[in-house]
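*Asks:* For reference, the sequence and a predicted model appear below.
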Amino acid sequence: MDTNLGVLEAHGLIKRFAGIKVLHGVSLEVAPGEVVAYLGPNGSGKTVTTRLLTGLLEPNEGTITYGKRNIHADLVGFRMELGYVPEEPHLYPFLSGREYLQLVGRLRGLEESFLEQKLMDLLTLFGIAEAADKSLSEYSKGMKQKVLISAALLHDPALLIFDEPESGLDVTSIHVLRHLVRLLAARGKAILYSSHVLESVEKICDRVIVIQHGRVLADDRLGRLGAATGTRSLADTFAHLVFKDDPLATARAIVEVAGRRP
Amino acid sequence: MRRSVAARRTLPLLARLFVRRLLDTDIIAPGSDRHESLAVAFGILITVSLFLSVALASKYLTEFIQLPGTTAHRLISDRFFLITVDMATTALTTLLTWDALGLERSDGAILGPLPVTVRIIASAKLTALLALAAAFSLAFGAGSSAVYSVVMAQNLHPPGTVFLRIVVAQALTMTAASAFAFLAVLAIRVTLQALLTDRWFERLSAIGQAVMITAVLSALLLLPFGKVDAPNNWTREGAPRFVRLLPPLWFVGLESMIEGHSVADLPVFVPARSQLAPWLKRQNERDRASYRQRDSAFPPLAASATRGLALTALVALAGYVWNNRRLRLPVMWPVRRGRVRAEVTRWTLSRITPLPTQRAGFSFALSVLARSAPHRVAISAALGVGVSAAVVLARSDWNGVGSLRFGAPVPIGLLAVPLAVTTALVAGFRHAVALPAELPANWTFQMAWSGDRQAFLAGCRRAALAALIVAPLVILLPLYGFLLGVPLAMTHAVCTELAAQGLLEAVLMGVAIVPFASPYKPMEHPRVMWPASFFGLFGGPFLFATVARSAYAATDSTLLFLAALVSSIAALKFAGRWRQRNLPAISFEPVPEASTQQLGLRERLMG
């Protein structure tokens, strides 16, 4: 296990878009060897938080530090330690999977022979080596996701931020990803895992942060959250914290609307 | 019944959707202000057409007594010019939307699951294409038809019906010529697609688009350099037969047929208290008779125009229907990557670009230039400009080419051609560098960026050197070897390469962005840069060729010339490094609109 790895800390993050506050003082911490789940309903501010944590956006207020250093003081240095899998698989459609990984690896300064071997090994292990030289525009969503995960792992980062990494992946790949995340944490990587798939979160995460309307509702270990809310599963805990309406009633209403005919 | 009503509603709905997509993704960059961009595009089209019309017709205003016979005679060349510009503009606009001139795989993926037949989807796309072509054609043709006719007929004082006939003839012909250009591009595309099959078409389509953009733009730019009265002579008896193959001449014939002898037969208008001099009367009669002699030339040309229009329409529509008889879904073609080729590529790459960041820049630049549509269009257009400049520079000296081998002085124009082509390509590359390849994907650069802009830029520069400077020079080398002899051709190729490399160093010196990744930043100081570019395209190569010709006279001076070029590059490299060190840090933030900046809205919006 690697030692001397940094802790990612965010304090009082506030973010406004067009004057509208979407994050209201979010604070969190991800330590080496820890997998922290970041949960919340759609539009709760999960993706904005991950973009702030990667430096893609700047907070209006609050600080983000990694290893006690403000990430904006040396963004390039911070990103050398960061692997990021974004929610939307925006890639260069005219590049092949291999070319995209070569671009990322070369930009990160990896040596050619090492890079070539590593990217092919990753693509082979993710089961898309056959498509390595095909255009990314021809890839399915799941294949693009595998390329993005490979790109995030190319430089062996100490900190990983996954934003909906299971999106589009097949069942086997989801199982591989779950084991992968656990093994990476065991190697001392700090991992923030934003997802809607509570089953995965339950299996791989040590701690859970629940966010709604840009505010952190809960931040604790899984077992302690369950005890505090009097629920047995993460799904129940999440429902207890987040749901205001009865899901069954909402589903019934949707069926009603969907059944309308002219 | 309900289905047919739904189908009738679906067609216009889908057509509107396709128009919007054509504008958003093919003509205007996604995310930009569509209304503003469209206003600018149509404004440019209308301005150019009005400027050309007035410029062409103004010569008639200066005549105190305008002779109808002479005017009818001169109209032929004017019509040829206007029709050619109209056709070339329409063809270029259509070529910009090349990829969208048929149902795309994304159409299949998006519209396939909906309960809409392929026939309706295909019809909607064709309707959208036709609507857009008609709008562009109208923007160019309507104004020019009216303005040109008004200015041209100002001193002729024709009766209202005659004037109307002149305007209608021009408007109809311009519309027909425009339709022909649009349908011709569409016909070429659908024929290629039908013959090549989907897989090969998708591979070769980009090359076809690039070649046609270069050819059409070269033709358009060379038009003002042609002999003014050449089209007039082409309608005479005994004109070379090949000119009958020129489509703009067909439409000149068509317009002349529709217009009849309206202009030629007008009586001479003599202003009050003036008299028509006998020699003017004789000239009018002579020109009128000369115009009448073309009566036999116009009908076959007009017939070629109508036949050509009908044939291209038939081929375009038949091909369109055939190619779009079913929706195509995203597909993954098998790709074979040869081990030997991969090894050779890797070895070459490691020699050209020793650092990983340089390698990233080199490979990414080559991929973008070859595969990204906006960048391909930029480079093809630059090549078109380069070819035009090369032809203009070389034309005056072609008479001397036959005697080159016998020790006659080497024509300067001939020596200037390679640098003119590479200068245009370097200018095109500088523009392409500022265009983001795929803006939503630039997070990749933000995440992996090491901050070494110089290394990435060096990789891009080497890619441009290989693809846009060395490759054209190698292609031209056999021709120059034949014309100048191998030693001189080789020497000139090396000198031109060094000069173009110096130019490349100079234009990339102040690049403060990540090439192909940062948001688009418009050219700074366009009022200085455009005239400077125009001078650089002609003056630079001409000056270089003049010095080179003097230098090639002796070995010593040739070596001195080479040394001067190498020293210049070294100095430019040094200056470039110094400049890059002093440039501000890279920003991936989109550049805010000027109006937003002025009002301080951005600061307010971003809180």
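*Replies:* That came through fine.

*Asks:* from here on, contacts and neighbour counts on C-alpha atoms
*Replies:* Fine.

*Asks:* Can you pull out the low-pLDDT segments for the chain?
*Replies:* All of this refers to chain A. A:1-5, A:244 (pLDDT under 70).

*Asks:* The chain in question should be chain B.
*Replies:* B:1-7, B:24-34, B:37, B:330-335, B:396-409, B:589-607.

*Asks:* so what are the domain limits for it?
*Replies:* Per automatic domain parsing, the domain ranges recorded for chain B read B:2-269+B:285-323, B:350-605.

*Asks:* which helices and strands does the helix or strand hosting residue B:123 pack with?
*Replies:* Using DSSP states H and E, residue B:123 maps to helix B:118-152. Applying 3 or more Cα pairs under 8 Å, 6 or more residues apart in numbering or on different chains; DSSP states H and E, we find helix B:118-152 packed against helix B:2-21, helix B:34-61, helix B:68-96, helix B:160-222.

*Asks:* just to revisit the earlier point, just send the domains of chain B back as a markdown table, with mean neighbour count and distance to residue A:251 too.
*Replies:* Converted to a markdown table, these look like this (neighbours: other Cα atoms under 10 Å in any protein chain shown; distance: least, Cα to Cα, whole Å):
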| stretch | mean neighbour count | distance to residue A:251 |
| --- | --- | --- |
| domain B:2-269+B:285-323 | 18 | 24 |
| domain B:350-605 | 19 | 35 |
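
*Asks:* Any chance of CSV for those domains, columns distance to residue A:257?
*Replies:* Listed next are the domains of chain B as CSV, based on distance: least, Cα to Cα, whole Å:
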stretch, distance to residue A:257
domain B:2-269+B:285-323, 20
domain B:350-605, 35
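
*Asks:* circling back to that earlier point, how about TSV for the helices and strands packed on helix B:118-152, with distance to residue A:104 added?
*Replies:* Shown next, in TSV, are the helices and strands packed on helix B:118-152 (distance: least, Cα to Cα, whole Å):
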stretch	distance to residue A:104
helix B:2-21	31
helix B:34-61	33
helix B:68-96	31
helix B:160-222	25
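
*Asks:* what does the stretch 301-450 of chain B put close to chain A?
*Replies:* The stretch 301-450 of chain B comes close to chain A at residues B:330-337, B:355-357, B:359-360, B:363-364, B:367-368, B:371-372, B:437-438, B:440-441, B:443-450, as judged by Cα under 8 Å from any Cα of the partner chain.

*Asks:* From the residues you listed, which land in helices?
*Replies:* B:356-357, B:359-360, B:363-364, B:367-368, B:371, B:443-448 (DSSP state H).

*Asks:* Grab the most central residue of chain B for me.
*Replies:* In chain B, the C-alpha nearest the mean C-alpha coordinate belongs to residue B:217, at 3.6 Å (Cα atoms, centre = their mean).

*Asks:* OK, contacts around that one?
*Replies:* Neighbouring residues of residue B:217 by Cα atoms under 8 Å, 6 or more residues apart in numbering or on different chains: B:88, B:92, B:381, B:384-385.

*Asks:* do that again at 7 Å, thanks
*Replies:* Shown in contact with residue B:217 (Cα atoms under 7 Å, 6 or more residues apart in numbering or on different chains): B:381, B:384.

*Asks:* Next: residue B:376.
*Replies:* So, once contact is read as Cα under 7 Å, 6+ apart, residue B:376 ends up touching B:210, B:369-370.

*Asks:* For chain B, what's its nearest residue on the stretch 101-250 of chain A.
*Replies:* residue A:106 (4.5 Å; Cα to the nearest Cα).

*Asks:* Residue B:441 versus that residue, what's the distance?
*Replies:* Taking Cα to Cα, to the nearest Å as the measure, residue A:106 falls 17 Å from residue B:441.

*Asks:* One more: residue B:78?
*Replies:* 48 Å.

*Asks:* what do you get for residue A:71?
*Replies:* 22 Å.

*Asks:* by how many degrees do the helix holding residue B:123 and helix B:160-222 diverge?
*Replies:* Compare the direction of helix B:118-152 with that of helix B:160-222 by axes from the mean of the first three to the mean of the last three Cα atoms, to 10 degrees and you get 110 degrees.

*Asks:* angle of helix B:118-152 against helix B:34-61?
*Replies:* Using the same axes, to 10 degrees, helix B:118-152 lies at 30 degrees relative to helix B:34-61.

*Asks:* three-state assignment of the residue of the stretch 101-250 of chain A closest to chain B?
*Replies:* When classified by DSSP: H, G, I helix; E, B strand; the rest coil, residue A:106 comes out as helix.

*Asks:* list the contacts for it?
*Replies:* Contacts of residue A:106 by Cα under 7 Å, 6+ apart are B:356-357, B:359-360.

*Asks:* Mind picking the two most distant members of those?
*Replies:* Among those, the pair separated by the greatest distance (Cα to Cα) is B:356 and B:360, at 6.2 Å.

*Asks:* so what sits against both of those two?
*Replies:* A:106-107.

*Asks:* so who does residue 87 touch?
*Replies:* The chain I'm using is chain A. Contacts of residue A:87 by Cα under 7 Å, 6+ apart are A:163-164.

*Asks:* not what I meant, chain B
*Replies:* Neighbours of residue B:87 in contact, by Cα under 7 Å, 6+ apart: B:177-178, B:181.

*Asks:* Output those in a markdown table; the columns should cover distance to chain A.
*Replies:* Shown next, in a markdown table, are the contacts of residue B:87 (distance: Cα to the nearest Cα, whole Å):
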| residue | distance to chain A |
| --- | --- |
| B:177 | 36 |
| B:178 | 33 |
| B:181 | 30 |
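
*Asks:* Which single one of those residues is nearest to residue B:462?
*Replies:* residue B:181 (38.0 Å).

*Asks:* That closest one touches residue B:93, doesn't it?
*Replies:* No. In this structure residue B:181 lies outside contact range of residue B:93 using Cα atoms under 7 Å: 10.0 Å.

*Asks:* how about the helices in the stretch 401-550 of chain B?
*Replies:* B:412-433, B:443-448, B:453-464, B:471-484, B:486-508, B:526-551 (DSSP state H, counting those that start in this stretch).

*Asks:* measure stretch B:261-268 end to end?
*Replies:* Stretch B:261-268: ends 14 Å apart by Cα to Cα.
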